[in-house]
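Trainee: Fold the following, please.
(one chain, ligands or ions: 1)
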Amino acid sequence: MKQVTIIGTGYVGLVTGACLAEMGNQVTCLDVDDEKITQLNSGKVPFFEPGLEELVKRGRLAKRLCFTTSYEDALKGAELCFLALPTPSNEDGSCDYRYVFAAAQKLAKHIDDGVLIINKSTIPVGTTEKVRKKIREALADRAVEFDVVSNPEFLQEGSAIYNCMNPDRIILGVENPRSQKLLEQLYAPFIEKIQVMDIASAELAKYAANAMLATRLSFMNHLSGLCEKVGADIDQVRRAIGSDPRIGDKYLQPGIGFGGSCLPKDVDALCAIAQEHGHSSDFFRMILEVNEEQKRAFFEKIEGHFGDLSNLTFAIWGLSFKPNTDDLRQAPSLTLISMLREKGANLRLFDPIAIDQAKKQIENASELTFCVDEYDAAQGADAILLITEWPEFQSVDFQKIGSLVRNKVVFDGRNLYSSSELEQLGFEYYCIGKPAKQVLEWSI
Ligand code: NAD
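Mentor: Numbers count the residues shown, from 1 in each chain. Modelled structure (predicted):
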């Protein structure tokens, strides 16, 4: 059992804290957000993550998990202190690590001798060393021994607890044997998953992983545009290439562009890291350009079909950047919503979980219509826009939808539906990377 402090109680911090408490450790989670801590202290989880509320409840009941806004209370007796702070993008795309530095300065006043600071935030190469320096400066003349290591996080929102309890790897950028031993004790249940490396490699590994995932998505999205032009079917191409074990079938699903709090910002930061070190960033930059182009291309399909969009009504199904989360950060839905609003369209929005977040985060949200389900959103719509592939959208009754809409048109941003089934019901159907109808007819 270890005494653990988590600084930053967001997606990463809260999931990590709840899982470490579940594993028998004594965990205190700290956040500067009073409201968040008040909610957590009354048993409420401030965001949606499957299974998290039950885990937090169990940890609190067992008195192994508590929450505070006080650095002093949080760090009393702590042997291990995780940093799980936001690292958003600066205007130029580089990583803004001011939250990490602010926490480093604050924690220095309260740490005890021998504490190990473990950074989970995604930060550029060299930042772990800068954090060490910040803490040393803030300690001033207090003689406290401490170490700072890198332990980048790879959890995925929507399956975060599973990822935490069944990690496929635990990356430790650690150069001091005592620190390594402490971490091996903490992560003892997953000892065979631990990969120890130098700090720079651990820091870069996180960016490399996200850039690789983003590369696959942008590759498939770019290829889907070519499929539409040459009359090929991206799903068949995907199956063909995904059966090659050297390629594998994961992360090959085309869509309307990737979003979320990590992929776009981390690829952007990788561009900045490359530039800062005199290395070309062109390859990484192209991943992001293709992603923007993909969102634009989807919008252009809608505009291409209707021409003038003013006063048309669109049902938007799905707002979160992916299913099983209420996270809207960099969600493609937001880009599409703002493009459609700019053209004077009326929007009827539905998401199974993310409506509350959308009301808070979308500018002038009161001008939009938030609906109770996908059928409600479809009322009087000129087209259905499927944006997030929530499982419940798979089994929608399109016969019923047909009786609710004004125009039977579906733009499927996730290739969720069957064109033949929808066309049989009289819908015009657009998706990603499939041959245009006339190409099919010519070939018959
Ligand atoms: P988040 O915004 O959900 O949570 C960060 C929390 O830190 C917030 O609650 C905020 O109030 C708090 N905070 C800010 N300044 C603070 C301070 N000085 N002291 C204490 N608390 C403070 O962010 P997140 O999604 O958990 O991401 C955290 C880090 O992990 C980022 O670097 C991110 O790139 C990385 N990461 C995120 C994910 C993910 O899926 N969300 C996955 C892997 C890695």
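
Trainee: Get me the contact residues on the chain for the ligand.
Mentor: 7-13, 30-33, 36, 84-87, 99, 102-103, 120-122, 153, 155, 157, 261-262 (CB under 6 Å from any ligand atom). Every residue, glycine included, has its C-beta placed from N, CA and C.

Trainee: Could you pull out the strands in the stretch 1-150 of the chain for me?
Mentor: With DSSP state E, counting those that start in this stretch as the criterion, the stretch 1-150 of the chain has strands at 3-7, 26-30, 65-68, 80-83, 115-119, 146-150.

Trainee: angle of the first one against strand 115-119?
Mentor: Here strand 3-7 runs at an angle of 40 degrees relative to strand 115-119 (axes from the mean of the first three to the mean of the last three CA atoms, to 10 degrees).

Trainee: related to what we said a few turns ago, a markdown table for the strands of the stretch 1-150 of the chain, including mean pLDDT and mean neighbour count?
Mentor: Converted to a markdown table, the strands of the stretch 1-150 of the chain look like this (pLDDT from 0 to 100; neighbours: other CB atoms under 10 Å):
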| stretch | mean pLDDT | mean neighbour count |
| --- | --- | --- |
| strand 3-7 | 98 | 26 |
| strand 26-30 | 98 | 26 |
| strand 65-68 | 98 | 22 |
| strand 80-83 | 98 | 25 |
| strand 115-119 | 98 | 25 |
| strand 146-150 | 97 | 23 |
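
Trainee: Give the full set of residues in contact with the closest residue to Lys408 other than its chain neighbours.
Mentor: Closest residue in space to Lys408, ignoring its immediate chain neighbours: Phe427 at 4.4 Å, by CB to CB, 6 or more residues apart in numbering. Going by CB atoms under 8 Å, 6 or more residues apart in numbering, Phe427 touches 398, 402, 408-410.

Trainee: My read is that Val410 contacts Tyr417, right?
Mentor: Yes - assessed by CB atoms under 8 Å, Val410 is found in contact with Tyr417 at 6.7 Å.

Trainee: Following the host helix or strand of Tyr162 in sequence, what is the next regular element?
Mentor: Assigned by DSSP states H and E, Tyr162 belongs to helix 160-165. Using DSSP H and E, the next helix or strand after helix 160-165 towards the C-terminus is strand 170-173.

Trainee: shared neighbours of Val410 and Tyr417, which are they?
Mentor: With CB under 8 Å, 6+ apart, Val410 and Tyr417 have common neighbours 386, 429.

Trainee: out of those two, which sits in the busier spot?
Mentor: Set Val410 next to Tyr417 and count neighbours by other CB atoms under 10 Å: Val410 wins out with 26 against 19.

Trainee: that older thread, for ChimeraX, write the selection for the buried entries among the contacts of Phe427.
Mentor: To isolate the buried members of the contacts of Phe427 in ChimeraX, using 16 or more other CB atoms under 10 Å:
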select :398,408,409,410
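
Trainee: Same list (the contacts of Phe427) but as TSV, adding pLDDT.
Mentor: Below are the contacts of Phe427 laid out as TSV (pLDDT from 0 to 100):
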residue	pLDDT
Phe398	97
Gly402	97
Lys408	97
Val409	98
Val410	98
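
Trainee: Which one of the contacts of Phe427 is nearest to the ligand?
Mentor: The ligand lies nearest to Val410 out of these, by CB to the nearest ligand atom, at 30.2 Å.

Trainee: So Asn109 is in contact with Ala140, correct?
Mentor: Check again: residue 109 is Lys, not Asn. No - Lys109 lies out of contact with Ala140 (CB under 8 Å); the separation is 9.3 Å.

Trainee: Counting neighbours around each, name which of the two comes out higher.
Mentor: The neighbour count for Lys109 versus Ala140, taken as other CB under 10 Å, is higher for Lys109 (13 against 8).

Trainee: can you tell me which residues contact that one?
Mentor: By CB under 8 Å, 6+ apart, the neighbours of Lys109 are 71-72, 138.

Trainee: circling back: show the buried residues in the residues of the chain next to the ligand.
Mentor: Buried among the residues of the chain next to the ligand by 16+ other CB under 10 Å: 7-13, 30-32, 36, 84-87, 99, 103, 120-122, 153, 155, 157, 261-262.
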